[in-house]
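> A structural model of the following input is requested.
(one chain, ligands or ions: 1)
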Amino acid sequence: MKRVDDFRLTLGERELVPIMIGGMGVDISTAQLALEGARLGGIGHISDAMVPAVSDRRFRTHFVKEKAKLFKHNAANPDKSKIQFDLGRLAEATQNHVGRTMEAKRGDGLIFINCMEKLTMNAPKETLRVRLRSALDAGIDGITLSAGLHLGSFALMEDHPRFRDAKLGIIVSSLRALQLFLRKSGRTHRLPDYVVVEGPLAGGHLGFGMDWASYDLRTITDEILRYLQAEKLAIPIIPAGGIFTGSDAALFLETGAAAVQVATRFTVTNECGLPEDVKQEYFKSAEEDIEVNLISPTGYPMRMLKSSPTIGAGIRPNCEAYGYLLDGSGNCAYITAYNREVAAHPGAKKVSVKDKTCLCTAMRNFDCWTCGHNAYRLKDTSRRLADGSYALLTAEHVFRDYQFSTEGRIALPG
Ligand SMILES: Cc1cc2nc3c(=O)[nH]c(=O)nc-3n(C[C@H](O)[C@H](O)[C@H](O)COP(=O)(O)O)c2cc1C
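Numbering: from 1, shown residues only. Just a heads-up that it's a prediction; the model follows:
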């Protein structure tokens, strides 16, 4: 049986180890994690979700405080439509995060940024344009467009000098979504350089409805591979979602995939941005501790541990400081749900909001423990220590295990 290392991903002139570490929003896939992916010859992702908050944490900038101060007067107002991002500051924050990461890059691999269209930021087009172009300005190797259809995103970068040299990819969960994208972006005469096909077992938001369990990654990937072959389109296909061992990955590579995108196994590495106690929650989880729910205000189902502190929390919306999920009219489903609960419980000091969550605050504080379906198997990837906790892994260990393992084996840390 072949192993992942028997294959290479060709992107333009580059030959890469066909392992892509997926973007994990709000600094769960840190620069350190992405840098390890690149150093080892694969592809690592940073994320541009809430990048001003990430810049503040990494570089002691004050973007969040500054914005919160500017809109402080609005905190008690349910109408958030006046809260806007300063596009210059957004560009600066992106350039900090991307630029400093790229300066630190070593090795033959690449670093991409995961860019979610669903971060509508009360001015979807303008803010997305700034995010994409600033990442290109700061030298990012590639951009993975995710969480949304991104039908107009190529056009937002079309006149950027790096539009044809940077690697641009999309994440889709169906052939139909890919066809729509190709039709719409065909006008820019530029195909995506790669397509990540994300199945229903992935972490983060899912590109499926609550009937996600009736789909499977293998079927969708095969359908997309057949379509591209029939259309004579040579676009590398990268399946993602539930690929837990090197053998799972090698099987996809043997049957037409160009690489795999993986994430959950890296959540318990030293380099991952989750706090240590949260990593232990991931290790300890059982299959029945994980659910797919609809509490994300984006409207997409999301997978997470049932013990995530954000489930049922009722904090006051924090849009003055954050506001990443405000739609083009300044609305967010959490604000509506929160106001409904406040109206239903007059005088209450605290409310609980069960159906939606303040995702910006939750992600910023690592209170939404999103994970892939296979998170409950993480305990099989490490050793238990005398105090009952699990040993954290290095990103290198996990990467190499994907690269070299065979026969479904998982290498334990030494
Ligand atoms: C903790 C976590 C956070 C994630 N956040 C994002 C994100 O911000 N954007 C995105 O496109 N995908 C996100 N994902 C999905 C991954 O990038 C990846 O495609 C998927 O989880 C791969 O499946 P696996 O986790 O089973 O390996 C996230 C996954 C995890 C586990």
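> can you pull the contacts of the nearest residue in space to residue 285 that is not next to it in sequence?
Computed as CB to CB, 6 or more residues apart in numbering, the closest residue to residue 285 that is not its neighbour in sequence is residue 376, at 5.0 Å. For the C-beta atoms, the positions are set from N, CA and C on the backbone; glycine is no exception. Neighbour list for residue 376: 285, 286, 287, 289, 290 [criterion: CB atoms under 8 Å, 6 or more residues apart in numbering].
> including secondary structure, could these go into a markdown table?
Formatted as a markdown table, those follow (DSSP: H, G, I helix; E, B strand; the rest coil):
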| residue | secondary structure |
| --- | --- |
| 285 | coil |
| 286 | coil |
| 287 | helix |
| 289 | helix |
| 290 | strand |
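> which one of the residues you listed is nearest residue 165?
residue 290 (40.3 Å; CB to CB).
> surely the closest one touches residue 307?
No. Counting by CB atoms under 8 Å, residue 307 is not a contact partner of residue 290; they are 9.8 Å apart.
> what about the two, which has more around it?
Higher neighbour count among residue 290 and residue 307: residue 290, with 22 against 12, using other CB atoms under 10 Å.
> ok, how many other residues are close to residue 316?
14.
> that should have said residue 313, apologies.
Neighbour tally, residue 313, other CB under 10 Å: 19.
> pull the contacting residues for residue 382.
With CB under 8 Å, 6+ apart, residue 382 has these contacts: 268, 283, 390, 391, 392, 393, 412, 413.
> out of the residues you listed, which end up buried?
268, 283, 390, 392, 393 (16 or more other CB atoms under 10 Å).
> how about the residues you listed, which pair is most distant?
Farthest pair in the buried ones among the contacts of residue 382, by CB to CB: 283 and 393, 10.1 Å.
> joint contacts of the two?
268, 382.
> kindly export stretch 48-63 (C-alpha atoms) in PDB.
What follows is stretch 48-63, C-alpha atoms only, in PDB (Å, rounded to 0.1, in the frame of the first residue of the first chain):
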ATOM      1  CA  ASP A  48      -7.900  36.300   8.400                       C
ATOM      2  CA  ALA A  49     -10.900  35.900  10.800                       C
ATOM      3  CA  MET A  50     -11.000  38.800  13.300                       C
ATOM      4  CA  VAL A  51      -7.500  39.800  12.200                       C
ATOM      5  CA  PRO A  52      -7.400  43.000  14.200                       C
ATOM      6  CA  ALA A  53      -7.900  41.000  17.400                       C
ATOM      7  CA  VAL A  54      -5.200  38.500  16.300                       C
ATOM      8  CA  SER A  55      -2.800  41.400  15.500                       C
ATOM      9  CA  ASP A  56      -3.500  42.800  19.000                       C
ATOM     10  CA  ARG A  57      -2.600  39.500  20.600                       C
ATOM     11  CA  ARG A  58       0.400  38.800  18.500                       C
ATOM     12  CA  PHE A  59       1.900  42.300  18.300                       C
ATOM     13  CA  ARG A  60       0.400  44.300  21.100                       C
ATOM     14  CA  THR A  61      -1.500  46.600  18.700                       C
ATOM     15  CA  HIS A  62      -4.700  48.200  19.900                       C
ATOM     16  CA  PHE A  63      -7.100  47.900  17.000                       C
END
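> tally of neighbours for the residue in the stretch 201-350 of the chain positioned nearest to the ligand?
Per CB to the nearest ligand atom, residue 203 is where the stretch 201-350 of the chain lies closest to the ligand, at 2.5 Å. Around residue 203 there are 27 other residues, counting by other CB under 10 Å.
> who touches residue 322 in this structure?
Residue 322 neighbours (CB under 8 Å, 6+ apart): 50, 53, 64, 360, 361, 364.
> ok, residue 280 to residue 269 distance?
13 Å (CB to CB, to the nearest Å).
> neighbour-wise, which of the two wins?
residue 269 (22 against 16).
> hmm, that one is touching residue 32, no?
No. At 9.3 Å, residue 269 does not count as touching residue 32 under the criterion of CB under 8 Å.
> what is in contact with these two at once?
In contact with both residue 269 and residue 32: residue 395, using CB under 8 Å, 6+ apart.
> could you dump the contacts of residue 376 to CSV with pLDDT and distance to the ligand?
Formatted as CSV, these follow (pLDDT from 0 to 100; distance: CB to the nearest ligand atom, whole Å):
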residue, pLDDT, distance to the ligand
285, 98, 12
286, 98, 17
287, 98, 14
289, 98, 15
290, 98, 11
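> restricted to buried residues, select these in PyMOL.
Buried residues among the contacts of residue 376 (16+ other CB under 10 Å), as a PyMOL selection:
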select buried, resi 285+289+290
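> closest to residue 191 out of the contacts of residue 376?
Distances from residue 191 to the contacts of residue 376, taken by CB to CB, are shortest for residue 290, at 35.9 Å.
> if we can go back for a sec, report the two of the contacts of residue 322 separated the most.
64 and 361 (11.2 Å).
> residue ranges with poor pLDDT in the stretch 1-150 of the chain?
Counting by pLDDT under 70, not a single residue of the stretch 1-150 of the chain qualifies.
> returning to that earlier point: of the contacts of residue 376, closest to residue 332?
Taking those together and measuring to residue 332 by CB to CB, the closest member is residue 290, at 25.5 Å.
> which residues in this structure form helices?
31-39, 51-59, 63-70, 87-103, 124-137, 153-157, 175-185, 217-230, 246-254, 276-284, 333-344, 359-364, 395-404 (DSSP state H).
> near the ligand, which residues of this structure show up?
With CB under 6 Å from any ligand atom as the criterion, the chain meets the ligand at residues 22-25, 28, 47, 49, 114, 116, 146-147, 171, 198, 201-204, 240-243, 261-264, 267, 370-372, 374.
> what about residue 32, how many residues nearby?
Residue 32 has 17 nearby residues by other CB under 10 Å.
> whoops, residue 107 was the one
13.
> give the contact list for the closest residue to it other than its chain neighbours.
Of all residues beyond its chain neighbours, the one nearest residue 107 is residue 39 (3.7 Å), with distances taken as CB to CB, 6+ apart. Shown in contact with residue 39 (CB under 8 Å, 6+ apart): 105, 106, 107, 109.
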